[in-house]
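A.B. asks: Provided below for reference: sequence and predicted model.
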Amino acid sequence: MKKQKMLKLTAFPSNPVIENAFSAPVTHSGEVSVVFKGKNVSIHGWDGSSWSTIYTWNSLDPQYQFNNTYQSYYLKSLTGSEETINVSFFSAESYQGSTPLLVGIDRGTKLYDIDEVPIYTADDHNKMLTVMSNGSLAWLLANESFVVPEEGGEEGGGGNVIAGTFIEELASASSNLSNGALITNNVFVKPANASATWVSLDADGIVDFNVDGTRTEEEMTLSMWFNPDSTSWTGWKYIAGNAADSNNQFSLAISKDGSGNIEFKTILWDLWTGSPKGISSKPFVAGEWTHLAMTWSYNGSTYDLKLFVDGVKCGELLNQNRNLMKMASNRNFALGAYAFGGSFGGNSLPCSMDSVQIKSGTALTDSQVAAIAGQSDRQMSIETAAGGTTPAGPSYLESSATLYGDANLSNGSLVLDGTGDYAVIDDGFRFTDKMTTSVWFKTTATGDRRIYSSHVRGLSGGDFRNGFFARLNDGQLKYRHPAGGTGELTGPSGLNDGAWHHLALSWEASVGYTLYVDGVQAGSGGSSVSDGYVSGWGLYIGANPWNNNDPYALFEGEIKKFEVLNEVLTSQQVTDRFNEG
C-alpha cells in the first residue's frame, strides 16, 4: 500500500500566483487528492512557465485525485473568501506485504496508511496510538476524544461545549440548498414543501462505511430539533433521510395522531408502512421546538431501536438482526425531504431544523437522550451527553448585571437589602414576538417590591412603552407582559413567606400569556400584536426604573436564576425548571 501525508492548505480568492503555491513533498510525490467538503474551489498547476486549470469543483464530487505532474499547485477559492482545504499526498511507491488481511478486501485493493508517528514518551504510558478525525496520529487515553475541532473553534456554538457535528452547519449543507431553503443563524429553514438540502455522510466525515455499505460501527444515535410552520396538514411528512436503495432506506417522518399529538417514524429497510413509529403525548404546535431522537443499541445478541419525542421514549422495535443505514453507493443525507439519487423526494412540510446530528458507534441511554432534550439552547452534542458530563448551564442574568448599592452575589443568589440595592442589565436587551421570563425569589418584606422591571420601546422605533415587570404588593404578585398596556395583572398572594418561589411568565404576540407560580399555571389571557421590543433604560433586577433615574420599589431578599428567553417555554419546561430548583 502507499503512504499518505495530509495537510490543511489555504484556498485563496485571487488568481494563481507562485507565492501562494505548494508542491508535493519529495517523500510523497505520487497522487494528490483534494477533499472539498462542500467548499467551492478550483485546482491549478504550474509547469514552470504558465498556470493550467486542473479541475473546478462541480458541486457533487466529494474529492478529486490526480497524478503529480506539475511543479507546483494552487487552490483558488470561488466563494470570495479564503477557505481551508484538506489535501493528501501519496507516496509513489507501494510497500509490499504491508496490506493487512481484512475480510471482504483482497490484496489488490488500494489502502493507505499514515506516515508520521508521534514520539512515544514517558508521559504517554497507557496511551494508544489513535487516528484523529483530521487524519493525524496522536497518543490518547481510552477516554480521550479523537475529534479535532475545526479551525476557529469547536462547532455548534451556544452555551455548551460542542464535540460533535451539526449537519446544518456544514459547508455542504449551505452549498446544496435548493428551492428557497435557507441556513439562518445556523438553523435550517424550509419555507416551502420542495425546499431541501443535503450533505454527504462519508465525504463530510459524519459516518464511516465499509466497502459493502455497512457502517463501520453499528450502534448509532440520531438527534435533532424540529419546528413546524403550521399544523394545517394531514398524513406523514418526510423531514430527512436517504431512500436511494428501496431495500435499505433510512428516512425520518413526522405526523400527528387523532388527538393532535406528535408521531415520529423512522422509515427503514423495505418496511415502509410497517416501520416503527413513536406516538407521543406532546401536542403538535406550530412555531414550537421539539426534540426528536432515535437510538440503535446492541443488546448482547441483536439490536434494539428506540424512538424519543422531547426526551420521552414513545416507540421501539426490538431484537433486530439487520444493518441500519446500509448505503452501498449514494450516501447523501437530506434535510427537508429524503435524498433520492441526485434529487429529493417525499411529501414534506415547511419547518425549521436545528442541531441535526448522527453519531455512529454511540447509542445513548434514555436518560442521556433526555439530557439533550432538556437543553433550552438546543446545543448539546451527542458526545457531550454520552460523556456523562454536565454541560455549562445558562448564564443567569444576575451574574452578568451591574450591581448598585450593597447588592452582592452570594451562593448563587443576588442578595438585596431593600435600601439602595439593585442590579441592571445594560441597554440593548431585545426580543421579537415571544418571550419567557423565569426567576426564583424569596422575601419576607411588605409593601411594593419589584422583582424585575423593564421599560421598552418597539423595534421599529417610537416612544417608550410601559414594558414588563413582576412585583409583590404585600406579598401578592402583580405583573405585566410586554403588550399589557398600562394596566397590571394580579397573581397569587402570600409569596412573602420567606420560602423560595419560582415565577415564570410566557408571552406571544396575538396569542396570549401564561403565568406559572411554583411550576403550576396561575393565570392566562390574550395579547395584542407586537413588532418586538428593545430595552429603553435596561432591565432592572430588584427595582423599578423611573425616567432612568432614582429607582424605587426596591426588593428586599434574594433573587436567583433569572432568565429572559426569546421563546415560549412549554408547561413541562417550566415544571422542569421548578423541579430543578
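C.D. replies: The structure has been received and is ready for your questions.
A.B. asks: Now do the helices in the stretch 51-200 of the chain.
C.D. replies: 171-175 (DSSP state H, counting those that start in this stretch).
A.B. asks: mind listing the strands for it?
C.D. replies: 51-56, 63-67, 72-77, 83-90, 112-114, 128-131, 137-140, 182-184, 187-190, 197-200 (DSSP state E, counting those that start in this stretch).
A.B. asks: Out of those strands, which one sits most buried?
C.D. replies: Of all the strands of the stretch 51-200 of the chain, strand 197-200 has the most neighbours on average by mean count of other CB atoms under 10 Å, namely a mean of 26. For the C-beta atoms, the positions are set from N, CA and C on the backbone; glycine is no exception.
A.B. asks: Tell me the first helix or strand C-terminal of that one.
C.D. replies: strand 220-228 (DSSP states H and E).
A.B. asks: Partner strands of that following strand and their direction?
C.D. replies: Each strand paired with strand 220-228, and its direction, by DSSP bridges: strand 290-298 (antiparallel), strand 351-360 (antiparallel).
A.B. asks: Tell me which of these lies nearest to residue 442.
C.D. replies: Nearest of the strands paired with strand 220-228 to residue 442, taken as CB to CB: strand 290-298 at 32.2 Å.
A.B. asks: Give me the residues contacting that closest one.
C.D. replies: 218-227, 252, 254, 262, 264, 266, 282, 303-311, 324, 363-364, 369, 372-373, 378 (CB atoms under 8 Å, 6 or more residues apart in numbering).
A.B. asks: Off-centre distance for that strand?
C.D. replies: Counting by CA atoms, centre = their mean, to the nearest Å, strand 290-298 is centred 15 Å from the centre of its parent chain.
A.B. asks: So what angle separates the directions of the helix or strand following that strand and strand 220-228?
C.D. replies: As assigned by DSSP H and E, the chain's next helix or strand after strand 290-298 is strand 303-309. If you take axes from the mean of the first three to the mean of the last three CA atoms, to 10 degrees, strand 303-309 sits at 20 degrees to strand 220-228.
A.B. asks: partners of strand 303-309 in the sheet?
C.D. replies: Applying DSSP bridges, one finds strand 303-309 paired with strand 290-298 (antiparallel), strand 312-320 (antiparallel).
A.B. asks: so for the first one, what's the average pLDDT?
C.D. replies: The predicted model gives strand 290-298 an average pLDDT of 91.
A.B. asks: same deal with the last one?
C.D. replies: When pLDDT is averaged over strand 312-320, the result is 86.
A.B. asks: what do you get for stretch 255-265?
C.D. replies: For stretch 255-265, the per-residue pLDDT averages 85.
A.B. asks: Renumber starting at 51 from here on
C.D. replies: With 51 as the first residue, the last one maps to stretch 305-315.
A.B. asks: picking up where we left off before, any chance of the strands paired with strand 353-359 in CSV, with distance to residue 72 too?
C.D. replies: Shown next, in CSV, are the strands paired with strand 353-359 (distance: least, CB to CB, whole Å):
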stretch, distance to residue 72
strand 340-348, 42
strand 362-370, 49
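A.B. asks: among these, which is nearest residue 467?
C.D. replies: Closest among those, using CB to CB: strand 340-348, at 42.0 Å.
A.B. asks: got the CA positions of the closest one in PDB?
C.D. replies: Provided in PDB are the C-alpha atoms of strand 340-348 (Å, rounded to 0.1, in the frame of the first residue of the first chain):
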ATOM      1  CA  THR A 340     -39.500  19.700  19.700                       C
ATOM      2  CA  HIS A 341     -36.600  17.300  20.200                       C
ATOM      3  CA  LEU A 342     -36.600  14.100  18.200                       C
ATOM      4  CA  ALA A 343     -34.200  11.200  18.700                       C
ATOM      5  CA  MET A 344     -33.500   7.600  17.700                       C
ATOM      6  CA  THR A 345     -31.100   5.100  19.200                       C
ATOM      7  CA  TRP A 346     -29.800   1.800  17.800                       C
ATOM      8  CA  SER A 347     -28.200  -0.200  20.600                       C
ATOM      9  CA  TYR A 348     -26.700  -3.700  20.900                       C
END
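A.B. asks: For that strand, buried residues please.
C.D. replies: The neighbour-count check on strand 340-348 (16 or more other CB atoms under 10 Å) flags 340-347 as buried.
A.B. asks: Nearest to residue 475, out of those: which one, please.
C.D. replies: residue 341 (28.9 Å).
A.B. asks: Specify the beta-bridge partners of that closest one.
C.D. replies: residue 275.
A.B. asks: for residue 123, same thing?
C.D. replies: residue 72, residue 95.
A.B. asks: So for it, what's the pLDDT?
C.D. replies: According to the prediction, residue 123 has pLDDT 93.
A.B. asks: follow-up on the earlier one: now the buried residues of strand 340-348 as a markdown table including distance to residue 255?
C.D. replies: Shown next, in a markdown table, are the buried residues of strand 340-348 (distance: CB to CB, whole Å):
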| residue | distance to residue 255 |
| --- | --- |
| 340 | 28 |
| 341 | 24 |
| 342 | 23 |
| 343 | 21 |
| 344 | 21 |
| 345 | 21 |
| 346 | 20 |
| 347 | 23 |
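A.B. asks: tell me the two of those residues that are most distant?
C.D. replies: Of all pairs drawn from the buried residues of strand 340-348, the greatest distance, 22.5 Å, lies between 340 and 347 (CB to CB).
A.B. asks: before we move on, the earlier item: for the strands paired with strand 270-278, give me CSV that also has distance to residue 370.
C.D. replies: CSV is the format used below for these (distance: least, CB to CB, whole Å):
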stretch, distance to residue 370
strand 340-348, 8
strand 401-410, 16
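A.B. asks: Out of these, flag the one nearest residue 259.
C.D. replies: When these are compared by CB to CB, strand 401-410 sits nearest residue 259, at 9.2 Å.
A.B. asks: Please tell me how far the following helix or strand past the closest one is from the chain's geometric centre.
C.D. replies: Next along the chain after strand 401-410, taking DSSP H and E as the criterion, comes helix 416-423. Distance of helix 416-423 from the chain centroid (CA atoms, centre = their mean) equals 14 Å.
A.B. asks: between helix 416-423 and strand 353-359, how big is the angle?
C.D. replies: Using the same axes, to 10 degrees: helix 416-423 against strand 353-359 is 40 degrees.
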